[in-house]
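> Here is a sequence with its predicted model. Questions after.
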Amino acid sequence: MIVYDGLYAITPVLLAAILGNYATLPNLAQWYALLIRPPFTPPNWLFGPVWSLLYILMALSFFRIIRLDRITPLRRFAISIFLSQILLNACWSFAFFSAHNPFAGLLIILPLEALILSNIIIFNKLDPIAARCLWPYAAWVAYASYLNFGFWLLNKS
């Protein structure tokens, strides 16, 4: 059962990472590199390691929730919130990078941050360690929200 639970925890996170890269990588040199960057934009090389760590923490967090007894109150709701936010995570890359639309990205990243914070609150009721694993993700997405807003503000035409 632990292998199945591990695969169940890793699959949505891995899919989000793959889809995010699919939307992002082809647009870095041809579009993103030409944008005016807001202050405190990190170098491109930093995004890969940061997201890799965040995806590992997300999968670990989700795994801990999946491993709870199926009759645990809020477990199913917590899983649905997690899956909703991971879906929005993937959608953001398509809105911002593939569509070349920072405003559309902003319309996705703000509800994404709200879902991540909701996820933390719900996970904390079930497994505080699982909740703590999501705090770096919430912090990074808050920072990414600032960057997204800055890109939109500086590059709207």
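Nice, I can see it. Numbering: from 1, shown residues only.
> can you count the residues close to residue 59?
Look at residue 59: counted by other CB atoms under 10 Å, it has 20 neighbours. The way it works is simple: take the backbone N, C-alpha and C, and place the C-beta from them, glycine included.
> Tell me the secondary structure of it, please.
Assigned by DSSP: H, G, I helix; E, B strand; the rest coil, the conformation of residue 59 is helix.
> any idea how far the residue nearest to residue 123 when sequence neighbours are not counted lies from residue 104?
Nearest non-adjacent residue to residue 123, counting by CB to CB, 6 or more residues apart in numbering: residue 131, 4.0 Å away. Residue 131 is 30 Å from residue 104, where distance means CB to CB, to the nearest Å.
> which one of those two has more residues nearby?
Legend: neighbour count by other CB under 10 Å for residue 131 and residue 104, higher for residue 131 (21 against 18).
> picking up where we left off before, is the residue nearest to residue 123 in contact with residue 58, as I believe?
No. Counting by CB atoms under 8 Å, residue 131 does not reach residue 58; the two are 12.0 Å apart.
> List the buried residues in whichever strand or helix holds residue 153.
Using DSSP states H and E, the element containing residue 153 is helix 128-155. By neighbour count on 16 or more other CB atoms under 10 Å, the buried set for helix 128-155 is 130-131, 133-134, 137-138, 140-141, 144-145, 147-152.
> roughly how far apart are residue 47 and residue 34?
17 Å.
> got it, and residue 139?
28 Å.
> Please give the number of neighbouring residues around residue 122.
So residue 122, with other CB under 10 Å, has 20 neighbours.
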